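Engineer: Take a look and give me a structure for this.
(one chain, ligands or ions: 1)
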Amino acid sequence: MYNSKIIGLGKYVPENVVTNNDLSKLMDTNDAWIQERTGIKERRWIDKNSEDTSAVMGAKAARIAIERSGLTKDDIDFIVFATLSPDYYFPGCGVQIQDMLEMPTIGALDVRNQCSGFIYAVSVADQFIKTGMYKNILVIGAEYHSGGLDKTTRGRSVSVIFGDGAGAAVMSRAENTDHGILSSHLHSEGKYAKELIVEGPNIKHWVPQMLEENNPDDISYFPYMNGQHVFKHAVVRFSEAIMEGLAANKLEKEAIDMLIPHQANLRISQFIQKKFGLRDNQVFNNIQKYGNTTAASVIIALTEAWEAGKIKDNDLVVLAAFGSGFTWGSVVIRW
Ligand code: ACO
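Structural biologist: Presented below is the predicted three-dimensional model:
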(Lines give C-alpha, C1' and ligand atoms only; values in the text may rest on other atoms or scores of the structure.)
Protein backbone atom coordinates (compact mmCIF):
# COMPACT_ATOMS: atom_id res chain seq x y z
CA MET A 1 0.00 0.00 0.00
CA TYR A 2 1.13 3.50 -0.79
CA ASN A 3 0.39 6.71 1.05
CA SER A 4 -0.93 9.95 -0.44
CA LYS A 5 -0.09 13.57 0.31
CA ILE A 6 -1.14 17.01 -0.85
CA ILE A 7 1.60 18.59 -2.98
CA GLY A 8 -0.19 21.62 -4.46
CA LEU A 9 -2.98 23.95 -3.35
CA GLY A 10 -4.88 26.69 -5.19
CA LYS A 11 -7.99 28.80 -4.81
CA TYR A 12 -10.07 31.22 -6.80
CA VAL A 13 -12.87 33.49 -5.63
CA PRO A 14 -14.85 35.92 -7.82
CA GLU A 15 -13.85 39.59 -7.55
CA ASN A 16 -17.36 40.80 -6.78
CA VAL A 17 -17.65 41.45 -3.01
CA VAL A 18 -21.18 41.51 -1.58
CA THR A 19 -21.38 42.98 1.92
CA ASN A 20 -24.15 42.44 4.44
CA ASN A 21 -25.24 46.02 3.80
CA ASP A 22 -25.50 45.22 0.08
CA LEU A 23 -27.89 42.37 0.97
CA SER A 24 -30.04 44.68 3.08
CA LYS A 25 -30.88 46.53 -0.15
CA LEU A 26 -32.24 43.29 -1.67
CA MET A 27 -34.11 41.86 1.33
CA ASP A 28 -35.17 42.61 4.88
CA THR A 29 -31.92 41.81 6.67
CA ASN A 30 -29.10 43.68 8.34
CA ASP A 31 -25.39 43.47 9.11
CA ALA A 32 -25.94 42.97 12.84
CA TRP A 33 -28.24 39.93 12.40
CA ILE A 34 -25.95 38.25 9.91
CA GLN A 35 -22.75 38.84 11.90
CA GLU A 36 -24.29 37.86 15.21
CA ARG A 37 -25.82 34.59 13.89
CA THR A 38 -23.14 33.52 11.41
CA GLY A 39 -19.98 35.66 11.72
CA ILE A 40 -20.20 36.52 8.00
CA LYS A 41 -19.24 40.08 6.98
CA GLU A 42 -19.15 39.64 3.22
CA ARG A 43 -19.13 36.98 0.52
CA ARG A 44 -18.17 36.75 -3.15
CA TRP A 45 -20.98 36.43 -5.67
CA ILE A 46 -20.22 35.96 -9.35
CA ASP A 47 -21.00 39.15 -11.25
CA LYS A 48 -23.79 38.62 -13.77
CA ASN A 49 -21.48 39.71 -16.60
CA SER A 50 -18.75 37.25 -15.59
CA GLU A 51 -18.18 33.96 -17.39
CA ASP A 52 -17.32 32.22 -14.11
CA THR A 53 -19.18 29.01 -13.26
CA SER A 54 -18.34 26.18 -10.87
CA ALA A 55 -16.28 24.46 -13.57
CA VAL A 56 -14.58 27.69 -14.73
CA MET A 57 -13.65 28.67 -11.16
CA GLY A 58 -12.53 25.11 -10.48
CA ALA A 59 -10.26 25.23 -13.52
CA LYS A 60 -8.73 28.52 -12.33
CA ALA A 61 -7.99 27.08 -8.88
CA ALA A 62 -6.69 23.85 -10.44
CA ARG A 63 -4.16 25.63 -12.66
CA ILE A 64 -2.66 27.28 -9.56
CA ALA A 65 -2.59 23.99 -7.60
CA ILE A 66 -0.92 22.13 -10.47
CA GLU A 67 1.68 24.85 -10.95
CA ARG A 68 2.50 24.88 -7.22
CA SER A 69 2.77 21.08 -7.19
CA GLY A 70 5.64 21.22 -9.66
CA LEU A 71 3.74 18.85 -11.97
CA THR A 72 2.11 19.60 -15.30
CA LYS A 73 -1.45 18.89 -16.36
CA ASP A 74 -0.15 15.87 -18.30
CA ASP A 75 1.09 14.28 -15.05
CA ILE A 76 -2.44 14.17 -13.61
CA ASP A 77 -4.01 10.69 -13.76
CA PHE A 78 -7.53 11.39 -12.51
CA ILE A 79 -9.94 14.20 -11.55
CA VAL A 80 -12.36 14.31 -8.61
CA PHE A 81 -14.75 17.29 -8.60
CA ALA A 82 -17.03 18.08 -5.65
CA THR A 83 -19.95 20.48 -6.07
CA LEU A 84 -23.67 20.86 -5.42
CA SER A 85 -23.95 23.60 -8.04
CA PRO A 86 -22.70 21.99 -11.26
CA ASP A 87 -22.82 23.87 -14.56
CA TYR A 88 -25.13 21.20 -15.94
CA TYR A 89 -27.56 18.76 -14.35
CA PHE A 90 -25.43 16.29 -16.29
CA PRO A 91 -22.64 15.75 -17.21
CA GLY A 92 -20.71 16.73 -14.12
CA CYS A 93 -17.99 19.39 -13.85
CA GLY A 94 -15.13 16.85 -13.81
CA VAL A 95 -15.29 16.27 -17.54
CA GLN A 96 -15.34 20.02 -18.15
CA ILE A 97 -12.05 20.30 -16.24
CA GLN A 98 -10.53 17.57 -18.42
CA ASP A 99 -11.48 19.67 -21.44
CA MET A 100 -10.70 23.15 -20.05
CA LEU A 101 -7.23 22.12 -18.88
CA GLU A 102 -6.65 20.23 -22.16
CA MET A 103 -5.75 17.08 -20.28
CA PRO A 104 -5.39 13.63 -21.79
CA THR A 105 -8.56 11.48 -21.71
CA ILE A 106 -8.17 10.64 -18.02
CA GLY A 107 -11.10 9.64 -15.82
CA ALA A 108 -13.21 12.28 -14.09
CA LEU A 109 -15.52 11.65 -11.17
CA ASP A 110 -18.06 14.04 -9.64
CA VAL A 111 -18.82 13.91 -5.93
CA ARG A 112 -22.23 15.17 -4.75
CA ASN A 113 -21.87 15.42 -1.01
CA GLN A 114 -22.51 19.11 -0.47
CA CYS A 115 -20.59 20.59 2.47
CA SER A 116 -18.77 17.29 3.04
CA GLY A 117 -17.92 17.09 -0.66
CA PHE A 118 -14.25 17.96 -0.37
CA ILE A 119 -13.73 15.52 2.53
CA TYR A 120 -15.35 12.76 0.47
CA ALA A 121 -13.31 13.76 -2.60
CA VAL A 122 -10.00 13.62 -0.70
CA SER A 123 -10.94 10.23 0.70
CA VAL A 124 -11.77 8.86 -2.77
CA ALA A 125 -8.48 10.17 -4.20
CA ASP A 126 -6.59 8.76 -1.22
CA GLN A 127 -7.99 5.27 -1.86
CA PHE A 128 -7.01 5.38 -5.55
CA ILE A 129 -3.47 6.43 -4.65
CA LYS A 130 -3.17 3.94 -1.77
CA THR A 131 -3.99 0.99 -4.02
CA GLY A 132 -1.50 2.17 -6.63
CA MET A 133 -4.13 2.69 -9.34
CA TYR A 134 -3.26 6.38 -9.78
CA LYS A 135 -0.23 8.44 -8.78
CA ASN A 136 -1.39 12.07 -9.14
CA ILE A 137 -5.00 13.18 -8.66
CA LEU A 138 -6.53 16.61 -9.04
CA VAL A 139 -9.21 17.21 -6.39
CA ILE A 140 -11.49 20.23 -6.76
CA GLY A 141 -14.29 21.79 -4.72
CA ALA A 142 -16.26 24.63 -6.33
CA GLU A 143 -19.63 26.30 -5.90
CA TYR A 144 -21.67 28.84 -7.82
CA HIS A 145 -24.34 29.40 -5.18
CA SER A 146 -25.40 32.91 -6.04
CA GLY A 147 -27.07 31.87 -9.29
CA GLY A 148 -29.59 29.71 -7.42
CA LEU A 149 -30.51 31.64 -4.29
CA ASP A 150 -33.81 33.31 -3.42
CA LYS A 151 -32.51 36.85 -2.92
CA THR A 152 -35.78 38.16 -1.52
CA THR A 153 -36.89 38.36 2.10
CA ARG A 154 -38.57 34.97 1.59
CA GLY A 155 -35.15 33.32 1.19
CA ARG A 156 -33.11 35.43 3.62
CA SER A 157 -32.41 32.71 6.20
CA VAL A 158 -30.47 30.77 3.55
CA SER A 159 -29.28 33.25 0.94
CA VAL A 160 -27.24 35.47 3.30
CA ILE A 161 -25.08 32.49 4.25
CA PHE A 162 -23.80 31.20 0.91
CA GLY A 163 -20.92 32.43 -1.26
CA ASP A 164 -19.16 31.45 -4.50
CA GLY A 165 -15.62 30.17 -4.93
CA ALA A 166 -13.34 27.26 -5.71
CA GLY A 167 -10.28 25.47 -4.39
CA ALA A 168 -8.10 22.67 -5.69
CA ALA A 169 -5.48 20.25 -4.41
CA VAL A 170 -3.05 17.98 -6.20
CA MET A 171 -2.70 14.71 -4.30
CA SER A 172 0.23 12.50 -5.05
CA ARG A 173 1.86 9.22 -4.02
CA ALA A 174 4.06 9.82 -0.95
CA GLU A 175 7.42 8.17 -0.50
CA ASN A 176 7.38 8.77 3.27
CA THR A 177 4.57 6.67 4.76
CA ASP A 178 4.56 8.59 8.07
CA HIS A 179 3.36 11.70 6.25
CA GLY A 180 0.35 12.59 4.14
CA ILE A 181 -3.27 11.48 4.58
CA LEU A 182 -3.32 9.39 7.76
CA SER A 183 -7.03 8.61 7.73
CA SER A 184 -10.44 9.59 6.42
CA HIS A 185 -13.82 8.82 7.95
CA LEU A 186 -17.12 9.34 6.11
CA HIS A 187 -20.72 9.22 7.37
CA SER A 188 -24.28 9.87 6.27
CA GLU A 189 -27.80 9.90 7.75
CA GLY A 190 -30.30 10.12 4.91
CA LYS A 191 -33.37 10.37 7.11
CA TYR A 192 -32.50 14.06 7.41
CA ALA A 193 -32.15 14.63 3.65
CA LYS A 194 -35.07 17.04 3.57
CA GLU A 195 -33.74 19.26 6.38
CA LEU A 196 -31.25 20.82 3.94
CA ILE A 197 -32.25 20.33 0.32
CA VAL A 198 -32.91 21.70 -3.12
CA GLU A 199 -35.88 19.54 -4.04
CA GLY A 200 -36.69 20.58 -7.60
CA PRO A 201 -36.35 19.92 -10.36
CA ASN A 202 -36.37 16.24 -9.58
CA ILE A 203 -37.43 13.31 -11.67
CA LYS A 204 -41.05 13.55 -10.40
CA HIS A 205 -41.20 17.32 -10.65
CA TRP A 206 -39.37 18.00 -13.88
CA VAL A 207 -38.80 21.28 -15.70
CA PRO A 208 -41.69 21.07 -18.22
CA GLN A 209 -44.13 20.46 -15.37
CA MET A 210 -42.71 23.37 -13.39
CA LEU A 211 -43.00 25.66 -16.39
CA GLU A 212 -46.53 24.46 -17.09
CA GLU A 213 -47.60 25.07 -13.48
CA ASN A 214 -45.81 28.45 -13.51
CA ASN A 215 -46.46 28.73 -9.78
CA PRO A 216 -44.77 31.82 -8.30
CA ASP A 217 -44.93 30.18 -4.87
CA ASP A 218 -42.98 27.12 -6.01
CA ILE A 219 -39.73 27.47 -4.09
CA SER A 220 -38.65 23.85 -4.56
CA TYR A 221 -35.73 24.93 -6.74
CA PHE A 222 -34.29 27.17 -4.01
CA PRO A 223 -32.27 25.73 -1.12
CA TYR A 224 -34.33 24.97 1.98
CA MET A 225 -32.63 24.63 5.36
CA ASN A 226 -34.05 23.87 8.79
CA GLY A 227 -31.28 25.97 10.31
CA GLN A 228 -31.62 25.14 13.99
CA HIS A 229 -32.02 21.41 13.31
CA VAL A 230 -28.92 21.45 11.11
CA PHE A 231 -26.99 23.47 13.71
CA LYS A 232 -27.74 21.01 16.52
CA HIS A 233 -26.60 18.03 14.47
CA ALA A 234 -23.56 19.88 13.10
CA VAL A 235 -21.96 20.54 16.48
CA VAL A 236 -22.36 16.89 17.51
CA ARG A 237 -21.20 15.36 14.23
CA PHE A 238 -18.21 17.71 13.82
CA SER A 239 -16.95 16.65 17.24
CA GLU A 240 -17.54 12.96 16.56
CA ALA A 241 -15.75 13.06 13.21
CA ILE A 242 -12.70 14.80 14.68
CA MET A 243 -12.54 12.41 17.65
CA GLU A 244 -12.93 9.42 15.34
CA GLY A 245 -10.02 10.58 13.17
CA LEU A 246 -7.80 11.21 16.18
CA ALA A 247 -8.66 7.87 17.82
CA ALA A 248 -7.93 5.94 14.60
CA ASN A 249 -4.43 7.41 14.69
CA LYS A 250 -4.02 6.98 18.47
CA LEU A 251 -3.73 10.74 18.87
CA GLU A 252 -5.14 13.08 21.52
CA LYS A 253 -6.79 16.41 20.76
CA GLU A 254 -3.67 18.17 22.06
CA ALA A 255 -1.83 16.83 18.98
CA ILE A 256 -3.86 19.03 16.59
CA ASP A 257 -1.74 21.81 15.08
CA MET A 258 -4.41 23.12 12.71
CA LEU A 259 -8.12 22.36 12.49
CA ILE A 260 -9.80 23.40 9.25
CA PRO A 261 -13.54 23.11 9.86
CA HIS A 262 -16.06 23.47 7.04
CA GLN A 263 -17.07 27.12 7.12
CA ALA A 264 -20.80 26.69 7.80
CA ASN A 265 -21.17 29.16 10.61
CA LEU A 266 -18.53 30.86 12.76
CA ARG A 267 -20.58 29.93 15.84
CA ILE A 268 -20.18 26.23 15.00
CA SER A 269 -16.39 26.62 14.60
CA GLN A 270 -16.16 28.52 17.89
CA PHE A 271 -18.19 25.84 19.68
CA ILE A 272 -15.85 23.12 18.37
CA GLN A 273 -12.76 25.18 19.25
CA LYS A 274 -13.98 25.58 22.81
CA LYS A 275 -14.98 21.94 23.14
CA PHE A 276 -11.53 20.77 22.03
CA GLY A 277 -9.72 23.47 24.03
CA LEU A 278 -7.92 24.79 20.95
CA ARG A 279 -6.23 28.19 20.78
CA ASP A 280 -7.16 30.72 18.08
CA ASN A 281 -4.02 29.85 16.10
CA GLN A 282 -5.05 26.17 15.99
CA VAL A 283 -8.34 26.78 14.12
CA PHE A 284 -8.59 28.51 10.76
CA ASN A 285 -11.73 30.46 9.82
CA ASN A 286 -12.41 32.64 6.81
CA ILE A 287 -16.22 32.52 6.69
CA GLN A 288 -16.12 36.22 7.60
CA LYS A 289 -14.86 36.97 4.05
CA TYR A 290 -16.48 34.27 1.94
CA GLY A 291 -19.60 32.95 3.66
CA ASN A 292 -20.32 29.25 3.30
CA THR A 293 -18.89 28.00 -0.01
CA THR A 294 -20.00 24.41 0.66
CA ALA A 295 -17.73 21.93 -1.21
CA ALA A 296 -15.18 24.71 -1.76
CA SER A 297 -15.02 25.88 1.84
CA VAL A 298 -12.52 23.41 3.34
CA ILE A 299 -10.13 23.61 0.39
CA ILE A 300 -10.25 27.42 0.19
CA ALA A 301 -9.56 27.60 3.94
CA LEU A 302 -6.77 25.01 3.73
CA THR A 303 -5.17 26.92 0.85
CA GLU A 304 -5.38 30.25 2.68
CA ALA A 305 -3.98 28.78 5.90
CA TRP A 306 -1.08 27.29 3.95
CA GLU A 307 -0.49 30.52 2.00
CA ALA A 308 -0.36 32.44 5.29
CA GLY A 309 2.36 30.10 6.58
CA LYS A 310 0.08 28.68 9.26
CA ILE A 311 0.71 25.08 8.15
CA LYS A 312 4.25 23.79 8.39
CA ASP A 313 6.00 20.51 7.66
CA ASN A 314 5.13 17.81 10.17
CA ASP A 315 2.03 19.63 11.46
CA LEU A 316 -1.04 17.57 12.28
CA VAL A 317 -3.86 19.05 10.18
CA VAL A 318 -7.46 17.95 10.68
CA LEU A 319 -10.17 18.68 8.11
CA ALA A 320 -13.80 18.21 9.16
CA ALA A 321 -17.17 18.91 7.58
CA PHE A 322 -20.90 18.45 8.08
CA GLY A 323 -23.78 19.30 5.80
CA SER A 324 -26.70 18.33 3.63
CA GLY A 325 -27.52 14.64 3.44
CA PHE A 326 -26.82 14.71 6.29
CA THR A 327 -23.22 13.82 5.51
CA TRP A 328 -20.11 14.41 7.58
CA GLY A 329 -16.54 13.27 7.92
CA SER A 330 -12.93 14.06 8.71
CA VAL A 331 -9.49 13.74 7.19
CA VAL A 332 -6.32 13.65 9.33
CA ILE A 333 -3.09 14.73 7.64
CA ARG A 334 0.53 14.72 8.78
CA TRP A 335 1.81 17.61 6.63
N1 ACO B 1 -31.97 38.64 8.44
C2 ACO B 1 -32.75 39.03 9.46
N3 ACO B 1 -33.57 38.17 10.10
C4 ACO B 1 -33.59 36.88 9.69
C5 ACO B 1 -32.78 36.43 8.64
C6 ACO B 1 -31.95 37.37 8.00
N7 ACO B 1 -31.13 37.02 6.99
N8 ACO B 1 -33.01 35.11 8.46
C9 ACO B 1 -33.92 34.74 9.37
N10 ACO B 1 -34.29 35.82 10.12
C11 ACO B 1 -35.22 35.84 11.24
C12 ACO B 1 -36.22 34.72 11.18
O13 ACO B 1 -37.31 35.05 10.38
C14 ACO B 1 -36.60 34.57 12.65
O15 ACO B 1 -37.50 35.57 12.97
P16 ACO B 1 -38.70 35.29 14.03
O17 ACO B 1 -38.01 34.94 15.32
O18 ACO B 1 -39.45 36.56 14.06
O19 ACO B 1 -39.46 34.13 13.46
C20 ACO B 1 -35.29 34.88 13.38
O21 ACO B 1 -34.48 35.64 12.46
C22 ACO B 1 -34.53 33.65 13.82
O23 ACO B 1 -34.39 32.74 12.70
P24 ACO B 1 -33.71 31.35 12.86
O25 ACO B 1 -33.76 30.66 11.53
O26 ACO B 1 -34.28 30.65 14.03
O27 ACO B 1 -32.19 31.78 13.19
P28 ACO B 1 -31.00 30.91 13.73
O29 ACO B 1 -30.52 31.48 14.98
O30 ACO B 1 -31.29 29.44 13.69
O31 ACO B 1 -29.86 31.18 12.64
C32 ACO B 1 -28.78 30.02 10.82
C33 ACO B 1 -30.05 30.73 11.31
C34 ACO B 1 -27.68 31.04 10.78
C35 ACO B 1 -29.07 29.50 9.43
C36 ACO B 1 -28.38 28.88 11.79
O37 ACO B 1 -29.51 28.11 12.10
C38 ACO B 1 -27.30 27.97 11.22
O39 ACO B 1 -26.17 28.35 10.98
N40 ACO B 1 -27.60 26.68 11.02
C41 ACO B 1 -26.60 25.66 10.59
C42 ACO B 1 -26.09 25.90 9.20
C43 ACO B 1 -25.20 24.75 8.79
O44 ACO B 1 -24.40 24.24 9.53
N45 ACO B 1 -25.39 24.26 7.56
C46 ACO B 1 -24.65 23.07 7.14
C47 ACO B 1 -23.85 23.30 5.98
S48 ACO B 1 -24.72 23.96 4.60
C49 ACO B 1 -24.79 22.71 3.38
O50 ACO B 1 -24.54 21.57 3.59
C51 ACO B 1 -25.25 23.11 2.00
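Engineer: residue contacts, the most centrally placed residue in the chain?
Structural biologist: In the chain, the residue lying closest to the centroid (C-alpha atoms, centre = their mean) is residue 295, at 2.2 Å. Taking C-beta atoms under 8 Å, 6 or more residues apart in numbering as the contact definition, residue 295 lies against 82-84, 111, 113-115, 117-118, 121, 141-143. Using the backbone N, CA and C atoms, a C-beta is placed for each residue, glycine as well.
Engineer: do the same with residue 66
Structural biologist: Here residue 66 is in contact with 8, 10, 72, 73, 76, 101, 138, 168, 170 (C-beta under 8 Å, 6+ apart).
Engineer: can you list the residues of the protein near the ligand?
Structural biologist: Residues of the chain that fall close to the ligand, judged by C-beta under 6 Å from any ligand atom: 29, 33-34, 37-38, 114-115, 156-157, 160-161, 196, 227-228, 230-231, 234, 264-265, 268, 292, 294, 323-324.
Engineer: Which ones among these map onto helices?
Structural biologist: The helices, defined by DSSP state H, take in 33, 34, 37, 38, 156, 157, 227, 228, 230, 231, 234, 268 from these.
Engineer: what element comes up after the worst-scoring helix or strand of the chain on mean pLDDT heading to the C-terminus?
Structural biologist: Least confident helix or strand of the chain, by mean pLDDT, DSSP states H and E, is helix 207-213 with a mean of 90. Later in the chain than helix 207-213, the nearest helix or strand by DSSP states H and E is strand 224-225.
Engineer: Which strands border that next one, and is each parallel or antiparallel?
Structural biologist: According to DSSP bridges, strand 224-225 forms sheet pairs with strand 196-197 (antiparallel).
Engineer: pLDDT averaged over the strand it pairs with - what is it?
Structural biologist: What strand 196-197 shows for mean pLDDT is 97.
Engineer: For whichever residue of the stretch 101-250 of the chain sits closest to the ligand, list the residues it contacts.
Structural biologist: In the stretch 101-250 of the chain, the residue that lies nearest the ligand is residue 227 (2.6 Å; C-beta to the nearest ligand atom). By C-beta under 8 Å, 6+ apart, the contact list for residue 227 reads residue 157.
Engineer: same for the least confident helix or strand of the chain, what does it pack against?
Structural biologist: With contacts defined as 3 or more C-beta pairs under 8 Å, 6 or more residues apart in numbering; DSSP states H and E, helix 207-213 has no helix or strand neighbours.
Engineer: Excluding residues flanking it in the chain, which one is nearest residue 12?
Structural biologist: residue 60 (3.9 Å; C-beta to C-beta, 6 or more residues apart in numbering).
Engineer: show me what contacts the one you found?
Structural biologist: Here residue 60 is in contact with 10, 12, 166 (criterion: C-beta under 8 Å, 6+ apart).
Engineer: Quick check: of the residues you listed, which has the highest neighbour count?
Structural biologist: residue 166 (33 neighbours; other C-beta atoms under 10 Å).
Engineer: Verify the stated contact: residue 190 with residue 324.
Structural biologist: No: Residue 190 is beyond contact range of residue 324, at 10.6 Å (criterion: C-beta atoms under 8 Å).
Engineer: higher neighbour count, the two?
Structural biologist: residue 324 (23 against 9).
Engineer: OK, contacts around the more buried one?
Structural biologist: Residue 324 touches 84, 114, 115, 193, 196, 197, counting by C-beta under 8 Å, 6+ apart.
Engineer: okay, those residues in a markdown table with neighbour count next?
Structural biologist: Shown next, in a markdown table, are the contacts of residue 324 (neighbours: other C-beta atoms under 10 Å):
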| residue | neighbour count |
| --- | --- |
| 84 | 22 |
| 114 | 26 |
| 115 | 31 |
| 193 | 14 |
| 196 | 21 |
| 197 | 17 |
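Engineer: Counting neighbours, what do you get for the residue nearest to residue 129 when sequence neighbours are not counted?
Structural biologist: Distances taken as C-beta to C-beta, 6+ apart put residue 4 closest to residue 129, at 3.8 Å, once the chain neighbours are dropped. Residue 4 has 24 neighbours, counted by other C-beta under 10 Å.
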